[in-house]
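>>> What follows is a predicted structure for the sequence shown.
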Amino acid sequence: MSDLQKQVQELIEHLVESGSENGVQAAVYKRGELVVDAAAGIADPSDGRPVTPDTLFYAASTVKGVTATVVHVLVEQGVFGYDTRVAELWPEFGTHGKGNATVRHVLTHSAGVPGVPADLTLERFCDWEAMCELIADLEPWWTPGEKVGYHPVTFGFILGEVVRRATGKGIAQVLAEEVAGPLGVTDELYFGVPSSALPRVARFEDDPAGAAMFASLPPDFPLFKSGPRSLFPNAELANRTDVLTADIPAWGTLTARAIARMYAALLDEVDGVRLITPERLREISTVATTGNDEMTGGPAQYGLGYTVGTIGASPAPPTVFGMVGIGGSAAYADTATGVTVAVTKNRFNPTEMNAYEQVYTLAVNALA
């Protein structure tokens, strides 16, 4: 066991023993090599099932990075381009002034359709065709490219439908064939979880302090305009079979080592597999949109499908890119150091990233 593996293992065990976490996975890659694959705690509080490295965790918006990666692989193959208009592939989307929205606009959260109707039901949300019909008929909140604002849900459905129209395959199939398959993680990197894998999924519990803080946000907080509060992720939503098994590419379920491996294969070769060229890596990991984010109220620092120069809300070097999930799971990569770090957890806290930040700091200090 390496010193870093031992240190990360001890760290996450301490987080569990202290009561701040229930179950945690952590994975770290350095220049294409897996150097940490750690797990601690309980996957299911009802039966005491332990977390193992292959336990699956609902990871919320962490999975937006997976969706973006699928898009980049297809662009690399010449299937479509970043400046391809969405309506070229999906004509129905071009209504109400959205005709000039491009794949780049969607990746940079500037397409102008950040919200879904407040009366959207969970049943419809889990229905791909229904969601695409709804999104195609949305009126934009701004002219595509004019402003930037986090697209919590529509990001995944729009890019997923672009992939489907361009390839004739659902984005889950393309993920399996073009990303997860070559990397050997088809059973650890999902949008919708197959029923056969559901027994491996961790059960979530809400962190009372985090839930209370989130609930205390004012009703006019801009992000709350993006859809019904009932669809904002929490432990109850993360435990629903209909949500877990639906292809919702703004969310998903995975292991820490699988998504760390994916980011590692964006930076370098991993067992002979590199997903994109170094030139494309520079393009996707460079800040593409700046200014005030219309939905979060904070600075917008998006590359092509990832946040750049931040980890959650915390500043990071401009060479760092990735995505955080609202419950505290996250995955980021650093083009300067070749280090990728991923953490998954099942104590759902929408307002802090303590576990990730501690693992990340430990790994970077040891490897950078």
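Yep, it's here. Numbers count the residues shown, from 1 in each chain.
>>> For the stretch 201-350 of the chain, which segments count as strands?
Along the stretch 201-350 of the chain, counting by DSSP state E, counting those that start in this stretch, strands occupy 205-206, 253-254, 307-308, 310-311, 314-315, 320-324, 330-334, 339-345, 347-348.
>>> just those: most buried one?
Mean neighbours per residue, mean count of other C-beta atoms under 10 Å, is largest over these for strand 339-345, with a mean of 31. C-beta here means a position set from N, CA and C on the backbone, and glycine is covered the same way.
>>> what mean pLDDT would you report for it?
Averaged over strand 339-345, pLDDT sits at 98.
>>> can you put the strands of the stretch 201-350 of the chain in a markdown table and add distance to Lys98?
Output for these, formatted as a markdown table (distance: least, C-beta to C-beta, whole Å):
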| stretch | distance to Lys98 |
| --- | --- |
| strand 205-206 | 36 |
| strand 253-254 | 30 |
| strand 307-308 | 24 |
| strand 310-311 | 28 |
| strand 314-315 | 34 |
| strand 320-324 | 24 |
| strand 330-334 | 30 |
| strand 339-345 | 34 |
| strand 347-348 | 34 |
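>>> do you know which of those lies nearest Lys64?
Lys64 sits nearest to strand 320-324 of all the strands of the stretch 201-350 of the chain, at 4.9 Å, using C-beta to C-beta.
>>> Check the offset of the closest one from the chain's centre.
Relative to its parent chain, strand 320-324 has a centroid offset of 9 Å by C-alpha atoms, centre = their mean, to the nearest Å.
>>> quick one, that strand and strand 339-345 angle?
Calculated by axes from the mean of the first three to the mean of the last three C-alpha atoms, to 10 degrees, strand 320-324 forms an angle of 10 degrees with strand 339-345.
>>> And for strand 320-324, what's in contact with it?
61-65, 263, 284-285, 303, 306-312, 330-335, 353, 356 (C-beta atoms under 8 Å, 6 or more residues apart in numbering).
>>> what do you get for stretch 217-229?
If you take C-beta under 8 Å, 6+ apart as the criterion, stretch 217-229 is touched by 114-120, 149-153, 294-297.
>>> ok, of those, which come out buried?
Neighbour counting by 16 or more other C-beta atoms under 10 Å classes Pro114, Gly115, Val116, Leu120, Gly149, Tyr150, His151, Pro152, Val153, Glu294, Met295, Thr296 among the contacts of stretch 217-229 as buried.
>>> Please list the members of those that lie in strands.
Among the buried ones among the contacts of stretch 217-229, no member falls in strands (criterion: DSSP state E).
>>> can you redo those residues as a markdown table with pLDDT?
As requested, the buried ones among the contacts of stretch 217-229 are exported to a markdown table (pLDDT from 0 to 100):
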| residue | pLDDT |
| --- | --- |
| Pro114 | 97 |
| Gly115 | 95 |
| Val116 | 96 |
| Leu120 | 95 |
| Gly149 | 96 |
| Tyr150 | 96 |
| His151 | 97 |
| Pro152 | 96 |
| Val153 | 96 |
| Glu294 | 94 |
| Met295 | 92 |
| Thr296 | 90 |
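>>> so Val106 touches Gly156, yeah?
No - between Val106 and Gly156 there is no contact under C-beta atoms under 8 Å: 9.6 Å.
>>> any chance of the buried ones among the contacts of stretch 217-229 in TSV, plus distance to Ala256?
TSV is the format used below for these (distance: C-beta to C-beta, whole Å):
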residue	distance to Ala256
Pro114	28
Gly115	31
Val116	29
Leu120	31
Gly149	29
Tyr150	24
His151	25
Pro152	22
Val153	24
Glu294	32
Met295	27
Thr296	25
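>>> Just the buried residues of the one helix or strand in the chain whose mean pLDDT sits lowest, please?
Least confident helix or strand of the chain, by mean pLDDT, DSSP states H and E, is helix 208-215 with a mean of 78. Buried residues in helix 208-215, defined by neighbour count with 16+ other C-beta under 10 Å: Gly210, Ala211, Phe214.
>>> Check stretch 91-103 too.
Phe93, Gly94, Lys98, Asn100, Ala101, Thr102, Val103.
>>> where in this structure is pLDDT low?
Counting by pLDDT under 70, the ranges of the chain that qualify are 1.
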